[in-house]
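> Below are the sequence and a predicted model; questions follow.
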Amino acid sequence: MNATPSSTDHRDHTYGTDHAYGTATDRTEPADQEGRTVHLDTAGWGTMPAAVRALVADCASREDRYGPHELEEDLEDVLRTEVHERLGALLGVPAADTAVVTDAAGAFDALVSRLAPGRGERIWTTPYESAARLTALYALRDRTRCTVEVVPLREDGDLDLEWMARHIGDDVALVSVVHVPSGCGIVNPVEEIGQILAPYRCVYAVDASYSAGQLPVDAGRIGCQLLTGDGWRFLRGPYAVGFAFLAPRLRAAFEDAAAHRPLPPNAAVAGLNAALAHHTATATATTDGPAGLAGHGLLPALRAAVEECPGTELIAPGRVQSAILAFRHRDLPAALVRRRLAARGVVVWKTVAQETPLHLPRSGATTALRASLGPDTTPQDIARFGRALREVVREETAAQRPPRPARTLPPAPTPVLASAPAPVPPAGPRPRPSARRHLTLCPTP
């Protein structure tokens, strides 16, 4: 990997710190350009910094030219040491306790598939849990005959920590909590929950997919035994690579399960390493503070842009909010609004109730829109988003309003004599009403 560059040696690049990231002024696009795309979907896919994107492209090109084994040899230090050191620094844990995975949900499923709680023991989850993690928990319940309990919410949408303190016991085998859910911007108090669980034997698992990179995430302070995350959201790395922290007592079970699962591509791991280095180099006091990206002043402007648009409703439970804001329009489909915003150069995400099946359906929302800030988001971006949203709502509301029919007088009723016989319907089959709409399945010949 550290071969000296030369014009004749094909291994003429290094993939360590010097090549990993640009300076703090390295932007994917100019921040003051009015015509640029306004990317408000960092929670779905963070735009890679230019240096990270160039590194991933270079790795892919070299792998295509020289093969995966040659690339792996060049990246040996990154794959075996450097990326783990950066993950340990990010999560506040020893580098040896970190792992690189394809995605957070797969890492959680890998570990849960190796757990063996006793019959009747309890598993705790929350209404903000993702569908993927719920699937793993229900499979564990069906396999071991344990029970799954959902921690209740307070009236303001926060998790009921008093309920947890009253009901915790040694028969609780696993507690799964998402730091920031995908469907709304609430920040769950993972550190306070860790303090409640500390005296007990349960495995505490935290999903940091939507918090790592936008909020401080310190697994040591949280007190969890498993923490998983995706690298392509607020950390702005490439797709198909994530990370995990595992307490030593879980390492053997996780490695046994992970041995049967695919590994992330080497180019993606190198990209994650570069994204971690870029994040460390460009982090500021505001993004590293308790409020993270939401604390640098743009979240109130984003909320105001949504609230000022007629017919919109915020989906923002809880007292502490992150850089994610979910909302919906009372009359317009979320998919339609998303497409119309994209046509105006504004990117947001459409979320569906099935992604967080214990939360959004109860709130009455089947679909919603999600806007999320990034480190490159500017006040001008928020202003453009607000203008575009108001334009879309005004135009689509007008297009969907049916024309008012002309007012006509009802026809005068025809007098019927009492002795007149009742009309007899014509013979023959009754015609099928044209208003009926249903699907008929016809076998193909």
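Okay, I see it.
> and the gap between R145 and D170?
18 Å (Cβ to Cβ, to the nearest Å). Backbone N, C-alpha and C define where each C-beta goes, glycine included.
> What segments of the stretch 101-250 of the chain are helices?
104-112, 131-144, 161-167, 190-197, 219-222, 248-258 (DSSP state H, counting those that start in this stretch).
> Indicate which one of those helices is closest to L87.
When these are compared by Cβ to Cβ, helix 219-222 sits nearest L87, at 10.1 Å.
> For that closest one, output the C-alpha coordinates as PDB.
The C-alpha trace of helix 219-222 is given here as PDB (Å, rounded to 0.1, in the frame of the first residue of the first chain):
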ATOM      1  CA  ALA A 219     -20.800   4.000  22.700                       C
ATOM      2  CA  GLY A 220     -18.800   4.100  25.900                       C
ATOM      3  CA  ARG A 221     -21.100   6.800  27.300                       C
ATOM      4  CA  ILE A 222     -24.200   5.100  26.000                       C
END
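> Flag the shaky bits of the stretch 301-445 of the chain, pLDDT-wise.
Across the stretch 301-445 of the chain, the ranges flagged by pLDDT under 70 are 401-445.
> mind listing the strands for it?
Assigned by DSSP state E, counting those that start in this stretch, the stretch 301-445 of the chain shows strands spanning 312-315, 324-329, 346-347, 349-352, 367-372.
> Compare those and give me the one nearest Y138.
So among these, strand 349-352 is nearest, using Cβ to Cβ, at 19.1 Å.
> Pull the contacting residues for the closest residue to Y210 other than its chain neighbours.
In space, Y210 comes closest to V180 once its chain neighbours are excluded; the distance is 4.2 Å by Cβ to Cβ, 6 or more residues apart in numbering. Going by Cβ atoms under 8 Å, 6 or more residues apart in numbering, V180 touches I186, V187, N188, A208, Y210, S211, Q214, L215, S322, I324.
> In JSON lines: those, plus neighbour count.
Shown next, in JSON lines, are those (neighbours: other Cβ atoms under 10 Å):
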{"residue": "I186", "neighbour count": "27"}
{"residue": "V187", "neighbour count": "24"}
{"residue": "N188", "neighbour count": "23"}
{"residue": "A208", "neighbour count": "29"}
{"residue": "Y210", "neighbour count": "29"}
{"residue": "S211", "neighbour count": "27"}
{"residue": "Q214", "neighbour count": "28"}
{"residue": "L215", "neighbour count": "25"}
{"residue": "S322", "neighbour count": "28"}
{"residue": "I324", "neighbour count": "32"}
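> can I get the residues you listed in a markdown table with distance to D160?
Shown next, in a markdown table, are the contacts of V180 (distance: Cβ to Cβ, whole Å):
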| residue | distance to D160 |
| --- | --- |
| I186 | 14 |
| V187 | 16 |
| N188 | 12 |
| A208 | 22 |
| Y210 | 22 |
| S211 | 21 |
| Q214 | 25 |
| L215 | 22 |
| S322 | 20 |
| I324 | 22 |
